[in-house]
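# pasting the structure only:
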């Protein structure tokens, strides 16, 4: 059953309103299946539609575009067993299995698998090899978080949903595809376009990094996330199946049913999740390589004096997919975009130039597989931009070049997996997006964020600003982007006139006093005085 998609909603980033209709039995084995209260709890707090779905709708939404065997796991007091079905077999065999085993806790794995039977161990001819392992994964289809907040004193379903709603609205998390009430806690599921997930390769590292990031986010608000979700062969509870750990006294049964609500119809991808949570890629594998002597940098550019690029030997990352190449190239472009737009807004770039140059060199090394020739070319282009914009003072190209050599050390540590893992989650200069915005001092400058390719926070406030800028650019609202930029130029001239007036009134006035009176940065005041 395909999900009906609506137009992209403006309520949250990466969000489409759910219009999914599911046929639910009111009762299953004398246990109430429909939960009006949970539905209202979600809709009241998130202000979106919450549509309860049955197990087959849940499985279809998550695994509808995947291939391979779907693993249904069942657990009793003695052990857990794994049963493997193709999508075609699910409709026929799953109802029979659940009917015969009703009362057992039932789960479904995050991923599909190549084989349902891997033979016997060479060491023990009677012992079967495990099947639900990452080496057997064909596609991974979801991200999941298991919130055991019921173990925290004072926490309940209502408070948990309120916290989840706050995080979605503030842009801390993407609105999940499903909110699942397990009877004791809540599980959040983000269905994603199925992707290959080979252990320790790029997709696997990104998936684990996103899971780890979300665990830390939910841990910070005391929702007690279970760390079992850290592996892609883990399982999550299946909708409309019992939770034997819950105890009820309604006269019918001693368990409650797992209830799943479809709340976000956006077709998410691994790249969407990585970009939202600021996870940058790592190489698929390391290849021993010895780079030949690089050309003298003078051969690349004759515009500036520059020492010859050093001979550099390193393990070189082989960049094999879109995310690893394009995302880092876009980080490079964002450095140039930021400097250009910040200059138009008369922002003070003192103290930021060397940091930006080092950041640029690192990402140029990553995107080129360790080519110093390419990274030096990008540094040279960056210097030319500074010269063109007249912001190269108080520094020399030689000085900037020497300071940015530490980017090679960062790159080497990243490639060789030798960075300080106690201090940093990832090596190199792979900053979180929020950290970059803080360094650049543009956390709320949504115009510059809009202009850049990847360095932006996907928050409600940003989305509102982005839409206005897009309408301005198309002339759909009063004014235009030309008017908007002209207004910025006019504002600048007004500030210059105000400075002139202050200087005329008090020729001995200090730049610090002008800065305080007009609310301008000291660097901006200095720049305007030079123009005067």
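Received the coordinates, thanks. Given the structure is predicted, the values throughout are model-derived calculations rather than measurements.
# Tell me how many other residues crowd residue 85.
By other C-beta atoms under 10 Å, 18 other residues sit near residue 85. Where C-beta positions appear, they are placed from N, C-alpha and C, glycine not excepted.
# Please report phi then psi for the nearest residue to it once chain neighbours are set aside.
In this structure, residue 85 finds its nearest non-sequential neighbour in residue 70, 5.4 Å apart by C-beta to C-beta, 6 or more residues apart in numbering. Taking degrees, to the nearest 10, you get phi -90, psi 130 for the backbone angles of residue 70.
# show me the residues around residue 70 that make contact.
Neighbour list for residue 70: 59, 63, 84-87, 90, 108-109, 112 [criterion: C-beta atoms under 8 Å, 6 or more residues apart in numbering].
# Now with 6 Å, please.
Residue 70 sits next to 63, 85, 112 when contact means C-beta atoms under 6 Å, 6 or more residues apart in numbering.
# ok, those vs residue 255, which is closest?
Minimum distance to residue 255 across those is 23.8 Å, recorded for residue 85 (C-beta to C-beta).
# can you pull the pLDDT of the residue nearest to residue 85?
Residue 70 is assigned 97 on the pLDDT scale.
# Next one: it relative to residue 79, how far apart?
Distance, residue 70 to residue 79, using C-beta to C-beta, to the nearest Å: 20 Å.
# Also residue 512?
Using C-beta to C-beta, residue 512 is found at 73 Å from residue 79.
# do residue 103 as well
Relative to residue 79, and taking C-beta to C-beta, residue 103 is found at 15 Å.
# Which one's more surrounded, those two?
Remark: of residue 103 and residue 79, residue 103 carries more neighbours, 15 against 7, as counted by other C-beta under 10 Å.
# How about the secondary structure of that one?
What DSSP: H, G, I helix; E, B strand; the rest coil gives for residue 103 is coil.
# Relative to residue 26, how far out is it?
Residue 103 is 19 Å from residue 26, by C-beta to C-beta.
# and residue 236, what is it in contact with?
Contacts of residue 236 by C-beta under 6 Å, 6+ apart are 144, 187.
# again, only this time at 8 Å
107-108, 110, 142, 144, 146, 180, 187, 189.
# which one of these sits closest to residue 259?
residue 180 (7.1 Å).
# and that closest one, that's in a strand?
Yes. Remark: residue 180 belongs to a strand, assigned using three-state DSSP.
# Please work out how many residues are found near residue 334.
24.
# Checking my notes, it in a helix, right?
Yes. Using three-state DSSP, the assignment for residue 334 is a helix.
# what's the distance between the closest residue to it other than its chain neighbours and residue 157?
Spatial nearest neighbour of residue 334, excluding adjacent residues (C-beta to C-beta, 6+ apart): residue 452 at 4.4 Å. Computed with C-beta to C-beta, the distance linking residue 452 and residue 157 is 40 Å.
# and those two? which has more neighbours close in?
The neighbour count for residue 452 versus residue 157, taken as other C-beta under 10 Å, is higher for residue 452 (21 against 16).
# Please state the backbone phi and psi of that one?
phi -80, psi 160.
# So in the chain, where's the weakest helix or strand by average pLDDT?
Every helix and strand of the chain was ranked by mean pLDDT, DSSP states H and E. The lowest is strand 314-317, at a mean of 30.
# Give me the local confidence score for the residue nearest to residue 177 when sequence neighbours are not counted.
Closest residue in space to residue 177, ignoring its immediate chain neighbours: residue 191 at 4.3 Å, by C-beta to C-beta, 6+ apart. Note for residue 191: predicted pLDDT of 98.
# quick one: low-confidence parts of the stretch 1-150 of the chain?
Counting by pLDDT under 70, the stretch 1-150 of the chain contains low-confidence residues at 1-10, 120-126.
# how about a cut-off of 50?
Scanning the stretch 1-150 of the chain for pLDDT under 50 picks out 1-9.
# need the helices for the stretch 51-200 of the chain, in chain order.
Under the criterion DSSP state H, counting those that start in this stretch, the stretch 51-200 of the chain carries helices at the ranges 55-63, 87-100, 157-170.
# Go through those helices and pick out the most buried.
helix 55-63 (a mean of 22; mean count of other C-beta atoms under 10 Å).
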